[in-house]
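**Q** Got a predicted structure plus its sequence, pasted below:
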Amino acid sequence: MEVAVKALRGVTNDPKMLVTIKRRLLREIRVWMPLKHPNITPFLGVVEGLGPLSAMVSHYCPKGNINQYIIDNPEKDRLKLITGVASGLAYLHSLDLLHGDLKGVSHPPRLPGLLVDMFEQHNVLIDNEGSPRLADFGKSRVVERRGFTTAFTGTARYMAPELTVISDDILEPVPLPGDEGSDASPATLDPMITKQSDVYAFSMVVLEILTSKLPFFYLRQEHLVVILTQDGKRPDRQRCIPTKFADEMWKFMEDCWNHDQSKRPEMAATIPRLQEMQANHIRVAWDEPEETPPVA
């Protein structure tokens with residue numbers, strides 16, 4: 001059996017930072033180890049000897065991340081893939097767990113010493129059977145609990161607008177068991193992620209799966225994405241050309257990225273809607289060639 005190993009690169013020699021990283025590692029193991037679901041990457045154990053800290057072992061997903069998979073296999077049923085992602089996230093929410101960093105692409109860590117892995121921080125992977133599996137639980141946490149040993153480095157393109165608002169309560173750390181004595185500074189604190197912010201991130205992953213492009217791909221600077229989403233703007237349907245969307249699917253995404261988080265559906269409620277689209281054989285998205293002006 002092939003496995004993937006999640007290990008550290010460029011580990012700091014700073015003893016205090018090393019203690020903090022160990023806490024993050026143990027937190028991820030505590031969250032990941034008991035999870036059992038066909039759309040969750042299974043945790044197999046730990047291995048020593050690859051560095052100063054334990055490395056986490058999981059099943060290897062040979063088909064890679066979901067983005068590359070759909071680029072390499074454009075004929076695959078994307079609605080089925082979306083439903084699989086929804087099922088995995090709904091499972092986490094049923095356990096009152098949050099993913100906290102759902103996205104389809106990889107981004108380099110922004111702080112020294114953060115955990116990185118051999119599957120490059122992609123957190124939606126494809127298994128041997130072509131099913132999506134959620135991975136990377138380094139930012140997962142229990143609903144309504146906020147620790148201060150995990151830096152919030154979510155990508156702006158997937159972040160709900162309420163997560164990009166700085167308020168005084170965010171700067172009040174609430175330690176989790178085992179976090180006492182941490183020297184974390186306010187710069188490493190994270191806002192209160194919620195099930196609703198996970199749903200927002202899911203909607204951006206849906207768009208990414210359907211278009212094979214980053215959310216807001218037409219904006220190169222992420223701070224502009226933050227400004228627009230704070231102002232209630234969302235991905236522009238017309239600018240997603242050549243991808244066209246069924247009205248049912250676009251409405252589904254609009255509901256999930258609603259600016260009012262209380263109006264976003266629960267993940268468990270998204271699955272019947274997706275299944276209904278499947279049952280009705282709705283073509284949720286397709287590419288149309290752009291019209292070429294006639295040659296004079």
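**A** Right, received. Where do you want to start? Only a predicted model underlies this, so the values are computations on that prediction, with no experimental measurement involved.

**Q** The closest residue to residue 85 other than its chain neighbours pairs with what?
**A** Nearest residue to residue 85, sequence neighbours excluded (Cβ to Cβ, 6 or more residues apart in numbering): residue 132, at 5.1 Å. Any C-beta I mention is one placed from the backbone N, CA and C, and that applies to glycine too. Judged by DSSP bridges, the bridge partners of residue 132 are residue 126.

**Q** State the distance from residue 132 to residue 64.
**A** Separation of residue 132 from residue 64 (Cβ to Cβ, to the nearest Å): 11 Å.

**Q** now the strands: where do they sit in the stretch 101-250 of the chain?
**A** Under the criterion DSSP state E, counting those that start in this stretch, the stretch 101-250 of the chain carries strands at the ranges 124-126, 132-134, 141-142, 243-245.

**Q** Name the nearest residue to residue 84, sequence neighbours excluded.
**A** Of all residues not flanking residue 84 in the chain, residue 132 sits nearest, at 4.2 Å (Cβ to Cβ, 6+ apart).

**Q** wait, the one you found sits on residue 39?
**A** Yes - if you go by Cβ atoms under 8 Å, residue 132 and residue 39 touch, sitting 6.0 Å apart.

**Q** if we can go back for a sec, okay, the residue nearest to residue 85: pLDDT?
**A** In this model, residue 132 is scored at 96, pLDDT.

**Q** Could you tell me which residues make contact with it?
**A** Residue 132 makes contact with 39, 66, 81, 84, 85, 88, 124, 125, 126, according to Cβ atoms under 8 Å, 6 or more residues apart in numbering.

**Q** how many neighbours does residue 265 have?
**A** Using other Cβ atoms under 10 Å, residue 265 has 16 other residues around it.

**Q** ok, it touching residue 198?
**A** No - counting by Cβ under 8 Å, residue 265 sits too far from residue 198 to count as a contact (11.6 Å).

**Q** From residue 242, how far off is the residue nearest the centre of the chain?
**A** Nearest residue to the geometric centre of the chain (Cα atoms, centre = their mean): residue 102, 0.8 Å. From residue 102 over to residue 242 the distance is 26 Å, taken as Cβ to Cβ.

**Q** Run the chain-centre distance for the one helix or strand residue 82 maps to.
**A** Per DSSP states H and E: residue 82 is located in helix 78-94. Taking Cα atoms, centre = their mean, to the nearest Å, the mean C-alpha location of helix 78-94 is offset from the chain mean by 12 Å.

**Q** Which secondary structure elements does that helix sit against?
**A** helix 66-72, strand 132-134, helix 195-211, helix 267-279 (3 or more Cβ pairs under 8 Å, 6 or more residues apart in numbering; DSSP states H and E).

**Q** could those go into TSV alongside distance to residue 219?
**A** Below are the helices and strands packed on helix 78-94 laid out as TSV (distance: least, Cβ to Cβ, whole Å):
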stretch	distance to residue 219
helix 66-72	18
strand 132-134	26
helix 195-211	13
helix 267-279	26
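
**Q** who wins for proximity to residue 220 among the ones you listed?
**A** Residue 220 lies closest to helix 195-211 among the helices and strands packed on helix 78-94, at 16.4 Å (Cβ to Cβ).

**Q** Name the residues of stretch 199-219 that are buried.
**A** By neighbour count with 16 or more other Cβ atoms under 10 Å, stretch 199-219 contains the buried residues 199-212, 214-216, 219.
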